[in-house]
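Visitor: Structure for the following, please:
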Amino acid sequence: MSTIPKDPVILLSYVNTQLRDNYNSLEEMCQALDTDQSNIISVLSGIGYRYEPAQNCFRKSIIYRGKMPALSDPFR
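Guide: Have a look, this model is predicted:
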């Protein structure tokens, strides 16, 4: 089993770099590194990230509760 970072933020950077540079999917990476895919998903969802298969990376989950904030026009 490979040693992957324990800190969630460092894990995020490590995983996204591995996915970008070496693997075509999270499943492929986890098999190659002999690590548990569900654990990585769980840890990174705990800091607000989710895996996006189409982009092959973890991205920030944005969940709005209630009204969407209004966008201001900086050129007014």
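Visitor: Count the residues that sit near residue 38.
Guide: Close neighbours of residue 38, defined as other Cβ atoms under 10 Å, add up to 8. Bear in mind the C-beta positions are built from the backbone N, C-alpha and C, glycine included.
Visitor: Next: residue 39.
Guide: 12.
Visitor: next one: residue 57
Guide: Using other Cβ under 10 Å: residue 57 sits among 16 other residues.
Visitor: Need the CA coordinates for stretch 42-53. CSV is fine.
Guide: C-alpha atoms of stretch 42-53 as CSV (Å, rounded to 0.1, in the frame of the first residue of the first chain):
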residue,chain,number,x,y,z
SER,A,42,-15.0,10.6,2.3
VAL,A,43,-12.0,12.7,3.5
LEU,A,44,-12.3,15.2,0.6
SER,A,45,-16.0,15.5,0.9
GLY,A,46,-15.4,16.4,4.5
ILE,A,47,-13.6,19.6,3.4
GLY,A,48,-16.2,20.3,0.7
TYR,A,49,-14.8,18.7,-2.4
ARG,A,50,-16.3,16.1,-4.7
TYR,A,51,-14.9,14.1,-7.6
GLU,A,52,-15.9,15.2,-11.0
PRO,A,53,-15.3,12.3,-13.4
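Visitor: and the closest residue to residue 43 other than its chain neighbours, what is it in contact with?
Guide: Closest residue in space to residue 43, ignoring its immediate chain neighbours: residue 8 at 5.3 Å, by Cβ to Cβ, 6 or more residues apart in numbering. Going by Cβ atoms under 8 Å, 6 or more residues apart in numbering, residue 8 touches 43, 44, 46, 47.
Visitor: Next, format these as TSV and append distance to residue 34 and secondary structure.
Guide: Output for these, formatted as TSV (distance: Cβ to Cβ, whole Å; DSSP: H, G, I helix; E, B strand; the rest coil):
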residue	distance to residue 34	secondary structure
43	17	helix
44	18	helix
46	22	coil
47	23	coil
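Visitor: Break down the protein into its helices, ranges please.
Guide: With DSSP state H applied, the chain shows helices at 8-21, 26-33, 37-45, listed in chain order.
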